[in-house]
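Undergrad: Here you go, sequence then predicted model.
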Amino acid sequence: MDRVIHIGDKVRFLNENLSGTVSSLHRDGMVGVTIEDGFELQVLARELVVTEALVKQPSETPKTEKPKAPQELNKGVFLLAVRDDKQHWQLSLLNRMGHPLFFAFYRQTPAATELLAHGSMNDGQELPVASMGQALPDKWGKWCLQYLSIRQFPGSIPNLEQCWRSFKQGDFQHTPFRNNGQPLFAFKMEVGYQEPESETKEPLQTPTADKPYVPVNFSRPEEEIDLHADALELDTALPGDIILKKQMEAFQRHLELAVAYGLHRITVIHGVGNGVLKNLILLQLKGHPGVRTWDQADHREYGQGALRITLKQQRAS
């Protein structure tokens with residue numbers, strides 16, 4: 001009997017010496033696994049083995065319908081909050097727009113602006129974005145969601161939408177939904193929403209000396225990306241695992257944008273090195289819904305240090 005995979009399960013890869021924690025589930029059989037270095041890889045569920053289940057599996061799993069989101073959560077993007085048994089708030093985004101989104105999600109406090117998550121979300125997908133401790137919600141700061149609808153690609157590019165939300169303790173006094181017996185609070189991310197008495201008067205796009213902010217680049221990507229640390233302007237004094245994480249983030253962002261814009265092919269220069277970066281890229285490509293094929297790029301130009309990736313052509317809806 002196949003074991004059902006849940007968010008939070010500890011898993012290992014069948015064909016790779018890697019393990020991690022399930023962080024997202026997708027309708028196409030893909031599972032997002034966050035590995036030790038902190039970034040998420042998309043792999044097929046059948047290529048994973050559960051080593052430690054978050055939810056204990058009964059000897060015989062009864063056939064039940066998949067839980068559905070409350071009917072009230074329709075047409076919009078929602079920030080969901082669930083309080084666990086340790087009194088921590090687990091926050092996630094739910095896309096109920098009816099089409100995929102390319103997004104960036106931030107938290108802004110008086111100290112800094114932090115990028116919590118970015119990438120693409122399918123319609124109906126729920127994505128964990130933050131875990132908050134026992135601090136009161138009114139101390140969480142402000143949350144910002146920026147997104148593009150990718151339903152029209154490769155047609156005209158829609159405007160970038162920006163949603164704000166901040167909380168007060170009273171926001172959690174209403175009757176919540178129930179999610180597996182736990183209270184689930186849902187808040188719609190309203191376009192243009194902002195608290196009238198905001199402590200931070202400056203818009204998120206305006207960087208200051210004590211709150212540096214670099215906006216996510218949604219422009220059309222080049223057909224070639226160089227992932228060498230110096231090409232990405234990374235500090236080479238950083239630990240190797242941090243550099244590797246930033247290289248993979250740059251690759252994932254470039255790949256999603258290339259798919260969204262309907263590019264036919266991209267070339268990724270990963271270098272030779274110890275092969276870890278290349279293997280992680282190959283894992284990400286395997287089973288990716290927007291990737292058709294990949295092979296070694298022209299060795300006369302790149303040596304053995306680059307991949308040529310052919311993408312599927314997206315139809316405009």
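TA: Alright, I've got the coordinates. Numbering: from 1, shown residues only.
Undergrad: so N279 sits right up against N15, yeah?
TA: No - judged on CB atoms under 8 Å, N279 makes no contact with N15 at a distance of 10.8 Å. Any C-beta I mention is one placed from the backbone N, CA and C, and that applies to glycine too.
Undergrad: between these two, which one's more packed in?
TA: Neighbour tally, N279 and N15, criterion other CB atoms under 10 Å: the higher count belongs to N279, 14 against 9.
Undergrad: In terms of helix, strand or coil, where does the more buried one fall?
TA: helix (DSSP: H, G, I helix; E, B strand; the rest coil).
Undergrad: And for the nearest residue to it once chain neighbours are set aside, the neighbour number?
TA: Spatial nearest neighbour of N279, excluding adjacent residues (CB to CB, 6 or more residues apart in numbering): E16 at 7.3 Å. Neighbours of E16 under the rule other CB under 10 Å: 16.
Undergrad: isn't there a strand covering E16?
TA: No - E16 is assigned coil when assessed by three-state DSSP, not a strand.
Undergrad: what are the phi and psi values for it?
TA: Main-chain torsions, E16, degrees, to the nearest 10: phi -140, psi 150.
Undergrad: Need the overlap of contacts for N279 and N15.
TA: Common contacts of N279 and N15, defined by CB atoms under 8 Å, 6 or more residues apart in numbering, are absent altogether.
Undergrad: From E47, how far out is the residue nearest to N279?
TA: 9 Å (CB to CB, to the nearest Å).
Undergrad: mind checking pLDDT for L73?
TA: Looking at L73, its pLDDT stands at 65.
Undergrad: again with V77
TA: For V77, pLDDT reads 86.
Undergrad: Name the residues linked to it by a beta bridge.
TA: N95 (DSSP bridges).
Undergrad: close enough to count as contact, it and F187?
TA: No - using CB under 8 Å, V77 makes no contact with F187, being 10.0 Å away.
Undergrad: tell me which residues form a beta bridge with the residue lying closest to R83 once chain neighbours are set aside?
TA: Excluding the flanking residues, the one nearest R83 by CB to CB, 6+ apart is W89, at 5.7 Å. Counting by DSSP bridges, W89 is bridged to R83, M132.
Undergrad: what's the following helix or strand after the longest helix belonging to the chain?
TA: Ranked by residue count, the top helix of the chain under DSSP state H comes out as helix 240-260. Next in sequence after helix 240-260, counting helices and strands by DSSP states H and E, comes strand 265-269.
Undergrad: right, and H254 touches I225 too?
TA: Yes - the criterion here is CB under 8 Å, and H254 meets it with I225 at 4.7 Å.
Undergrad: shared neighbours of these two, anything?
TA: With CB under 8 Å, 6+ apart, H254 and I225 have common neighbours 266, 268.
Undergrad: what about D171, which SS state?
TA: From three-state DSSP, the assignment for D171 is helix.
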